[in-house]
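K.L.:
sharing a sequence plus its predicted fold:
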Amino acid sequence: MKIAIIGTGNLGLSIAKGLIKNNTTTSLYLTKRNTESIENWEEYGNVKVTADNREAVKKSDILIFAVQPNQFESILKEINDLLHENHVVISTITGFKIERMESILGSDTNIIRSMPNTAISVGKSMTCLCANEKGKKRIQLAEAIFNGLGTSIIIEERLMQAATVICASGIAFWMRLIRATTQGAIQLGFDAEEAQQMAMQTCAGAANLLIQGGNHPEQEIDKVTTPRGCTIEGLNEMEHQGLSSSLIRGIVASFNKINQIAEK
Ligand SMILES: NC(=O)C1=CN([C@@H]2O[C@H](COP(=O)(O)OP(=O)(O)OC[C@H]3O[C@@H](n4cnc5c(N)ncnc54)[C@H](OP(=O)(O)O)[C@@H]3O)[C@@H](O)[C@H]2O)C=CC1
Ligand SMILES: O=C(O)[C@@H]1CCC=N1
């Protein structure tokens, strides 16, 4: 596979790391205007770093765009005349609708909208996908790429903003929960390193109970909460302080903000 990542910042570099680790590509172009910070990636034999988006597009079939929303339109215009039947355009751009991409590239272009997260760098991204009519025939290719870098699901485009909050912003939400648990563990007497290890591994264990076991979270909670025990005491106190409510409110606040940004 010949892949180009147009815009190698936080997300673009995370995708590149995942692809390199997986050995997915025959060639991988990485672009940004100021290439200094990513030049060392050329140490990987099949990676080419350039500020020239047009060169990257000419030499690649799959084009993954990971620039800021306000940078995207001009870049699409810059490379539009180079696109051909074999190109698959994969956008990761928040709030940028397929309709708007089609208005620049035409409806005859294979367009896929994706929403991965930064865990793609370690092959654990939850990625949501949707496509335009033309791109639907190539969505299996996108699924294959993103399933190699975690898990993917196909969703309706109208849910893409919600997916951004749950999956992309979700990384930050879960990090804060792990960090808060770590701080609790430090207060109980563990050193910072031990505390973080305990917090993150317990988090991974809880997620895996659901992923591999297929149970509802409350079934797993019931197994841990001894009657009159310490778990239910702590859990109920967390809920009195608004744990579930604050998470839900935070998710809705993010969603309202993302809709404001998209309307601009
Ligand atoms: N960060 C995240 O967790 C997620 C982000 N997204 C979306 O992904 C996109 C990128 O986000 P993020 O990685 O955080 O943003 P960054 O600002 O970190 O990365 C954007 C990159 O684009 C490069 N760039 C800007 N203009 C051009 C250009 N004309 N040609 C080539 N490269 C260019 C910039 O480098 P330079 O200035 O050197 O050109 C920069 O490295 C956004 O649309 C965001 O909404 C989606 C899911 C998760
Ligand atoms: O915070 C943001 O707006 C972007 C979208 C998802 C992750 N980063």
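P.N.:
Arrived safely. Ligands and ions are numbered 1, 2, ... in the order given.

K.L.:
residue contacts, P69?
P.N.:
Listed by C-beta atoms under 8 Å, 6 or more residues apart in numbering, the contact set of P69 reads I93, T94, G95, F96, I261. From N, CA and C alone the C-beta is placed, and that goes for glycine too.

K.L.:
show me which of these are buried.
P.N.:
For those, a burial check counting by 16 or more other C-beta atoms under 10 Å picks out I93, T94, G95, F96.

K.L.:
tell me, which of those residues make contact with ligand 1?
P.N.:
For ligand 1, the contacts drawn from the buried ones among the contacts of P69 by C-beta under 6 Å from any ligand atom are I93, T94.

K.L.:
how about JSON lines for the buried ones among the contacts of P69, with secondary structure and distance to Y44 added?
P.N.:
Formatted as JSON lines, these follow (DSSP: H, G, I helix; E, B strand; the rest coil; distance: C-beta to C-beta, whole Å):
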{"residue": "I93", "secondary structure": "coil", "distance to Y44": "26"}
{"residue": "T94", "secondary structure": "coil", "distance to Y44": "28"}
{"residue": "G95", "secondary structure": "coil", "distance to Y44": "32"}
{"residue": "F96", "secondary structure": "coil", "distance to Y44": "29"}
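
K.L.:
out of the contacts of P69, which touch ligand 2?
P.N.:
By C-beta under 6 Å from any ligand atom, the members of the contacts of P69 lying near ligand 2 are T94.

K.L.:
could the contacts of P69 go into TSV alongside distance to S121?
P.N.:
Formatted as TSV, the contacts of P69 follow (distance: C-beta to C-beta, whole Å):
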residue	distance to S121
I93	19
T94	18
G95	23
F96	23
I261	25
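
K.L.:
what's the closest of the contacts of P69 to I186?
P.N.:
T94 (34.7 Å; C-beta to C-beta).

K.L.:
I'd say that closest one and V165 touch.
P.N.:
No - applying C-beta atoms under 8 Å as the test, T94 and V165 come out as separate, 9.9 Å apart.

K.L.:
what do these two both touch?
P.N.:
Both T94 and V165 are in contact with I258, where contact means C-beta under 8 Å, 6+ apart.

K.L.:
please parse this structure into its domains.
P.N.:
Recorded structural domains for the chain (assignment: automatic domain parsing) are 2-155, 164-263.

K.L.:
looking at those, which one is packed in the most?
P.N.:
Ranked by mean neighbour count, the domains of the chain are led by domain 2-155 with a mean of 18 (mean count of other C-beta atoms under 10 Å).

K.L.:
first vs last residue of that domain, how far apart are they?
P.N.:
26 Å (C-alpha to C-alpha, to the nearest Å).

K.L.:
how far does that domain sit from its chain's centre?
P.N.:
Mean-position distance between domain 2-155 and its chain equals 12 Å (C-alpha atoms, centre = their mean, to the nearest Å).

K.L.:
so what's G170 up against?
P.N.:
When contacts are counted by C-beta under 8 Å, 6+ apart, G170 touches N117, M126.

K.L.:
where's it, which helix or strand?
P.N.:
Here G170 sits within helix 170-187, counting by DSSP states H and E.

K.L.:
export that helix to PDB, keeping only CA atoms.
P.N.:
C-alpha atoms of helix 170-187 as PDB (Å, rounded to 0.1, in the frame of the first residue of the first chain):
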ATOM      1  CA  GLY A 170     -12.400  10.200  24.900                       C
ATOM      2  CA  ILE A 171      -8.700   9.500  25.100                       C
ATOM      3  CA  ALA A 172      -8.300  12.700  27.200                       C
ATOM      4  CA  PHE A 173     -11.300  11.800  29.400                       C
ATOM      5  CA  TRP A 174     -10.000   8.400  30.200                       C
ATOM      6  CA  MET A 175      -6.500   9.700  30.800                       C
ATOM      7  CA  ARG A 176      -7.900  12.100  33.400                       C
ATOM      8  CA  LEU A 177      -9.700   9.300  35.100                       C
ATOM      9  CA  ILE A 178      -6.600   7.200  35.200                       C
ATOM     10  CA  ARG A 179      -4.600  10.200  36.500                       C
ATOM     11  CA  ALA A 180      -7.200  10.900  39.300                       C
ATOM     12  CA  THR A 181      -7.100   7.200  40.300                       C
ATOM     13  CA  THR A 182      -3.300   7.500  40.400                       C
ATOM     14  CA  GLN A 183      -3.500  10.500  42.700                       C
ATOM     15  CA  GLY A 184      -5.800   8.600  45.000                       C
ATOM     16  CA  ALA A 185      -3.400   5.700  45.100                       C
ATOM     17  CA  ILE A 186      -0.500   8.000  45.900                       C
ATOM     18  CA  GLN A 187      -2.500   9.500  48.800                       C
END
